[in-house]
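Trainee: Sequence plus predicted model, see below.
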Amino acid sequence: MSVRAFLGGACLLSGLFLATPEQTALAQTPSAPASSPTAAPAEPAAPPHQKWSFDGAFGQFDQASLQRGFLVYDHVCSTCHGMRSLTYNDLAGIGLSSKAISDLAHSKQFPGPVDEDGQPTTRPGTPDDHFKSPFPSEAAAAAMMGGVAPPDQSRLALIKPHGADWLYAFLTGYRMPPPPGAPMVPGKFYNEWADGHLIGMPPPLVEGGVSFPDGTKATVDQQARDVSTFLVWAADPHRNARHHIGKGVVLYLIVLLLLVIAWKKKIWNRRDGH
Amino acid sequence: MTKPNMAGQPPSRSTEESSGVAGWIDRRLPVISGFRAEYIDFRMPKNLNGLWNFGAILTVVLLLMLATGTFLAMHFIPTAAEAFLSVEAIDRQLPGGWMLRSMHMVGANLFLAALYIHLFRGLYYGSYKAPREILWISGLVLMVLVMATAFAGYVLPWGQMSFWGADVISKAVGAVPVIGNTLEHILAGSDQLGDIFLHRFFVIHFILAFLVVAVVGVHVVAVHVAGSNNPLGIEPKTPKDTVPFHPYFTSKDLVGLVLFALVFALLMFFWPGLLTEPDNYAPADPMHTPADIEPEWYFLPFYGMLQSVPSKFGGLLAAAGSLLILFALPWLDRSPVRSMRFRPLCRVGLLGLVVAFVLLALVGKHHAQGSWMALGRVSLLYYFGYFLVLLPLAPRLEKTRTLPASISAAQGDA
């Protein structure tokens, strides 16, 4: 806190003697291309913190939740949102068997080579294929979705501040009808956690919209929780291994540290003793 | 140093080296006796503290960067369309790739951190003074090279921060009078930052990394000629002031290295988010400027300088000058006393320099807005004032404390 006090003092002090900020050209801030104004909206309040099994330095993903979350992604989100960095094989990380992965990949149709007549064909997917994109290109996506392409979800949970908490708050944050006094725009939906409270994406999750094979009741809350977990995994797929290996490495280094300190002490004491 | 043998004279070393294959090699290329002389028997001041571990630490991190970087390069595709996806593939699908990349990223951050500590040690104990001027200058060359390597490396994943950081820098270069536009064009390689720029920086990242290895060679030779400085800043006078490198400093360096590895592992496995910029996980988009462009923490002080000066070119001069002035340091500081332990005035002045440097980083983080701008200017003035006013005048103003007769005397065992 002394640093803070010092900073405050220094600010005041320097403010007295030096030029006002208005005199300074903020020339260094890069200029945005005219086509895309980038007014940053005021930072919204942080979403309420949820309890997640993967939180913290030792957190681990819950595989059952990941598998349910993938189901929600596959049935709901993937209609509009791509996840192009992942391959079907990566789903081994959420505990899918190689048979389940092959079957899943086979159920997707990918553009294949042209046939003898020069006609485009399709082929079933393979485990090495990247997740199939819902649109042929970013531009096509933007054109079909009212001007803005739905963002790719590979790293969404990492890029969004408060990743999992925000996703959960957002997915459960639609209000129909909107609260009194909220602006109404045709084709836009009210969501407490969207920028400006309005978003073009309709509420994606509905009660019982998917059915979970493990018997878990598919409430909106449960789906939101599971798909948020899945999106965090997608953005950081090796977290379980990272934490697991990390514990071993740190433990090893601590033991090694004690040994080398003992060795060093022995050597230096011998010199001091002679 | 080892002296070359007269023709036909066997070296007067112990028999184990003069016989057998080892001896045969050693008589032709004295790598074995050289290693013994420079890394086993080499006399070191016995009073070195933990700050002297960072030379060894930096060497090891450099090797780690080369090793991980080589394997990353095998999977990286330096084109605007593929770079981001190839890094994603390394992180996700390449077995062990996430660990390789994470090591390289944490390594880059801790490389710069260790470098700053190493530099501070030189400033604090006056290691830049005669006879170590070339050692100092070679170290500064290394720092500039490492910074350039880090910048080039950060461009490669081609995320939003890679792209817009590169955009800021190339525009800053464009602010140089007369030749700025040409320089900017040479740097970018075409009208916009794209394939040519990225491929160029991939090559530059590589070349610089190996150039660093070469200059490290010069740096290490220089320290073995001049000998290490020490916390007292007085030269060892008798063998009682020194100990052989092995086992004394091999064991001490090992403790430092393992401690460093521990910090490394904690960051890499448990808190990688402390060092990564989330925006860089969004692919570069030339049509969409991020709300907040910020360089990596290790460039923030220079970013603060760039933004504290009310002209683009002035900011560029200040940031570049802050590094260049360090090259003149051996000639700006004329005091015969090296260590700040004996220089009360400059000691406070140097701690102020560290504060100014950290403040400039905070200024950079806040884009020099509002009172940060004023604070940035004060810090910048102080930074240059320390080197250009305080140090040259200090010998007249400062009453230095009495130096001990020798290192042993200071430790009370003479």
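Mentor: Received it, and whenever you're ready, just let me know what you need.

Trainee: Regarding A:Gly146, what is its secondary structure?
Mentor: Put simply, A:Gly146 is coil when judged by DSSP: H, G, I helix; E, B strand; the rest coil.

Trainee: How about the residues of the stretch 1-150 of chain B by chain A?
Mentor: B:46, B:85, B:88-89, B:92-93, B:98-99, B:102 (C-beta under 8 Å from any C-beta of the partner chain). Quick note: C-beta positions are derived from backbone N, CA and C, even for glycine.

Trainee: Quick check: the two most widely separated of these?
Mentor: Pairwise distances across these peak at 54.6 Å for B:Lys46 and B:Leu85 (criterion: C-beta to C-beta).

Trainee: So these two - more neighbours on which side?
Mentor: Set B:Lys46 next to B:Leu85 and count neighbours by other C-beta atoms under 10 Å in any protein chain shown: B:Lys46 wins out with 21 against 17.

Trainee: for chain B, what are the low-confidence residue spans?
Mentor: By pLDDT under 70, the low-scoring segments of chain B are B:1-17, B:413-414.

Trainee: residue ranges of the strands in it, please?
Mentor: B:43-45, B:242-244 (DSSP state E).

Trainee: for the ones you listed, which one sits closest to B:Ile77?
Mentor: strand B:43-45 (46.5 Å).

Trainee: what helix or strand is the closest residue to chain B within the stretch 101-250 of chain A on?
Mentor: Residue of the stretch 101-250 of chain A nearest chain B, by C-beta to the nearest C-beta: A:Gly246 (2.5 Å). Applying DSSP states H and E as the criterion places A:Gly246 in helix A:239-273.

Trainee: That helix packs against which elements?
Mentor: Here helix A:239-273 touches helix B:97-124, helix B:250-269, going by 3 or more C-beta pairs under 8 Å, 6 or more residues apart in numbering or on different chains; DSSP states H and E.

Trainee: Tell me the buried residues in that helix?
Mentor: By neighbour count on 16 or more other C-beta atoms under 10 Å in any protein chain shown, the buried set for helix A:239-273 is A:239-240, A:242-243, A:246, A:249-250, A:253, A:256-257, A:260, A:264, A:267-268.

Trainee: Same list (those) but as a markdown table, adding distance to B:Leu275 and pLDDT.
Mentor: Listed next are the buried residues of helix A:239-273 as a markdown table, based on distance: C-beta to C-beta, whole Å; pLDDT from 0 to 100:
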| residue | distance to B:Leu275 | pLDDT |
| --- | --- | --- |
| A:Arg239 | 16 | 96 |
| A:Asn240 | 20 | 95 |
| A:Arg242 | 14 | 96 |
| A:His243 | 17 | 96 |
| A:Gly246 | 15 | 97 |
| A:Val249 | 17 | 98 |
| A:Val250 | 17 | 98 |
| A:Leu253 | 19 | 98 |
| A:Leu256 | 24 | 98 |
| A:Leu257 | 22 | 98 |
| A:Val260 | 26 | 98 |
| A:Lys264 | 30 | 97 |
| A:Ile267 | 35 | 95 |
| A:Trp268 | 34 | 95 |
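
Trainee: what sits up against stretch B:388-406?
Mentor: By C-beta atoms under 8 Å, 6 or more residues apart in numbering or on different chains, the residues outside stretch B:388-406 that reach it are B:232-234, B:236-238, B:240-241, B:325, B:329, B:332-335, B:337, B:341-346, B:349, B:410, B:414.

Trainee: Could you give me the PyMOL syntax to select whichever of those residues are buried?
Mentor: Buried residues among the contacts of stretch B:388-406 (16+ other C-beta under 10 Å), as a PyMOL selection:
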select buried, chain B and resi 232+233+234+236+241+329+332+333+335+337+341+342+343+346+349+410
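
Trainee: contacting residues for B:Phe201?
Mentor: B:152, B:155-156, B:166.

Trainee: Repeat the analysis, applying 7 Å as the threshold.
Mentor: By C-beta atoms under 7 Å, 6 or more residues apart in numbering or on different chains, the residues touching B:Phe201 are B:152, B:155-156.

Trainee: From those residues, pick the one nearest chain A.
Mentor: Of all these, chain A sits closest to B:Val155, with 15.1 Å by C-beta to the nearest C-beta.

Trainee: Pretty sure that closest one sits against B:Ser162.
Mentor: Yes. Counting by C-beta atoms under 7 Å, B:Val155 does reach B:Ser162; the two are 4.9 Å apart.

Trainee: got the residues of the stretch 51-200 of chain A near chain B?
Mentor: Contact residues, the stretch 51-200 of chain A versus chain B (C-beta under 7 Å from any C-beta of the partner chain): A:57, A:85-87, A:90, A:154-155, A:158-159.

Trainee: Now with 8 Å, please.
Mentor: A:57-58, A:84-87, A:89-90, A:154-155, A:158-159, A:161.

Trainee: Which of the residues you listed are buried, as a ChimeraX select command?
Mentor: To isolate the buried ones among these in ChimeraX, judged by 16+ other C-beta under 10 Å, type:
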select /A:85,86,87,89,90,154,155,158,159
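
Trainee: Now do the helix holding A:Gly246: distance to the chain's middle.
Mentor: 36 Å (C-alpha atoms, centre = their mean, to the nearest Å).

Trainee: Thank you kindly, that will do.
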